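[1] Need a 3D model of the sequence below.
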Amino acid sequence: INQNEYLMNTSLKYNKKYSNMGNASEFEFKVSIILPVHNPTKFLLKRSIKSLMDQTLGFDSIEVIIIDNCSTESSSIDLINSLTKKYGNIRSITLNEKKGFEEIYNIGKKESSAEHIMFLNYKNYIISNACEILYNQILNEDIDIVFGDNVNLVKNKKIKNFSSIIPNKEFIETKPIKLNSICDEIQLLNNDILMGSKMFKKSFLLKNNFKLNSTVLNQIHYLNSKLLFNAEGICLVGMPMIVYEDYHENSNIPDLSYDLIVKNLETSLEFLREYYYLFYEFSPENIDIPLNLISQWINNDLISEKLK
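    Here you go, the predicted model:
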């Protein structure tokens, strides 16, 4: 409870200082939030939805699109159906086969009706005034992307990762910073900024497709980087927008079969290759960033005990 009170207080402090800007959009929904799920638990999905209902922007200004990624548990399917029946601004899209983040991203941006879009993992939840701050900022600055920080909580509710997204700046006191290009703060590509901490202009997303045969985490990392490189105008807000709670910090990872390990290595290699090409195209002067990542991958994954 204490850490939530702290986050709320800092959010309210920031809101009073910087978020009094802009008029409401003429669209019925100001923001569409894409919520991919697969067999969601009642507690986590309801907590995520509750954080959207508590938004100071107004829940009736938010369109929630639940993309059911081929759930098989009847309790999960019933939960999704009950939410769509109870709330007029929540609708669901059911996929008949499990898809990667690439397909979910493309479906979500096309199905959204608002002119601004967020993506949220149902295991995470949003700080109460996050949508309002991000929405006002992206509207007033007329930019493609605005984003804030994220907080990582471990099982005992202690804050694990709570540092500013702006390197060498004091957290919370940092005013919004507008960048013409991510190359102005290229080190931000290395920061652990979740997809849910960002708000995008829909017209910008519609112009940016991506295709990458890799793991979900690699797909999200690649997409984040591609969007940031292509954005015409980015704004950084020096406060947390989203809370990620790590329930499995010390859980044991099961041994993988040789074939699966090889497949994972192949998909990781594709990600690294495409990530390298991004820097080669947009920021060749910083090509050491993907090269260092490739080096880490070779040392940590490719040369591993499991493949000896």
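[2] Please give the three-state secondary structure assignment for Ser32.
    strand (DSSP: H, G, I helix; E, B strand; the rest coil).
[3] Same question for Asn121.
    Classified using three-state DSSP, Asn121 is coil.
[4] ok, it touching Pro36?
    Yes: using C-beta atoms under 8 Å, Asn121 is in contact with Pro36, at 7.3 Å. Any C-beta I mention is one placed from the backbone N, CA and C, and that applies to glycine too.
[5] which of the two has more neighbours?
    Pro36 (24 against 17; other C-beta atoms under 10 Å).
[6] so what pLDDT did Asp149 get?
    On pLDDT, Asp149 comes in at 82.
[7] just Ala114 next, same as before
    The model's pLDDT for Ala114 equals 96.
[8] How about the one 5 residues further on?
    With respect to pLDDT, Phe119 has a value of 95.
[9] How about Ile177?
    We have a pLDDT of 85 for Ile177.
[10] Could you do Asn292 as well?
    89.
[11] residues in contact with stretch 276-295?
    Contacts to stretch 276-295, defined as C-beta atoms under 8 Å, 6 or more residues apart in numbering, come from residues Cys183, Ile186, Leu189, Asn190, Tyr222, Ser225, Lys226, Phe229, Leu272, Tyr275.
[12] Tell me who's in contact with Gly108.
    Gly108 makes contact with Ser32, Ile34, Pro36, Ile65, Ile67, Ile117, Phe119 under the criterion C-beta under 8 Å, 6+ apart.
[13] And for Lys30?
    The contact partners of Lys30, by C-beta under 8 Å, 6+ apart, come to Ala24, Leu57, Ser61, Ile62, Ala114, Glu115, His116, Cys131, Tyr135.
[14] of the residues you listed, closest to Ile242?
    Checking those against Ile242 by C-beta to C-beta gives Cys131 as the nearest, at 10.8 Å.
[15] so who does the closest one touch?
    Residues near Cys131 by C-beta under 8 Å, 6+ apart: Lys30, Val31, Leu52, Gln55, Thr56, Leu57, Ile62, Met118, Met199.
[16] Can you give me the neighbour number for Leu265?
    Count around Leu265 with other C-beta under 10 Å applied: 15.
[17] Quick check: it vs Ile298, distance?
    10 Å (C-beta to C-beta, to the nearest Å).
[18] Same question for whatever helix or strand Arg273 lives in: list its buried residues.
    Counting by DSSP states H and E, the element that carries Arg273 is helix 258-282. Across helix 258-282, burial judged by 16 or more other C-beta atoms under 10 Å covers Thr267, Ser268, Phe271, Leu272, Glu274, Tyr275, Tyr276, Leu278, Phe279, Phe282.
[19] orientation of the helix or strand that that helix is followed by relative to helix 258-282 in degrees?
    Note on helix 258-282: by DSSP H and E, the next helix or strand toward the C-terminus is helix 288-297. Helix 288-297 and helix 258-282 are oriented at 170 degrees to each other (axes from the mean of the first three to the mean of the last three C-alpha atoms, to 10 degrees).
[20] Can you list the buried residues in helix 288-297?
    Buried-residue list, helix 288-297, by 16+ other C-beta under 10 Å: Ile289, Pro290, Leu293, Ile294, Trp297.
[21] repeat for stretch 228-240
    Leu228, Phe229, Asn230, Ala231, Gly233, Ile234, Cys235, Leu236, Val237, Gly238, Met239, Pro240.
[22] For the stretch 51-200 of the chain, give me the ranges with low pLDDT.
    154-174, 190-194 (pLDDT under 70).
[23] What helices and strands are in contact with the lengthiest strand in the chain?
    Ranked by number of residues, the top strand in the chain under DSSP state E is strand 234-245. With contacts defined as 3 or more C-beta pairs under 8 Å, 6 or more residues apart in numbering; DSSP states H and E, the packing partners of strand 234-245 are helix 2-18, strand 124-126, helix 130-141, strand 145-153, strand 177-179.
[24] What mean pLDDT does it get?
    For strand 234-245, mean pLDDT rounds to 85.
[25] picking that back up, of the buried residues of helix 258-282, the lowest pLDDT goes to which?
    Among the buried residues of helix 258-282, pLDDT bottoms out at Thr267, giving 80.
[26] That one reaches Gln219, doesn't it?
    No: counting by C-beta under 8 Å, Thr267 stays clear of Gln219, with 9.4 Å between them.
[27] ok so, going back, just give me the closest of the buried residues of helix 258-282 to Val146.
    Val146 has its nearest neighbour among these in Phe282, at 19.8 Å by C-beta to C-beta.
[28] what residues are up against Met195?
    Counted by C-beta under 8 Å, 6+ apart, Met195 has contacts Phe119, Leu120, Asn121, Ile220, Leu223, Asn224.
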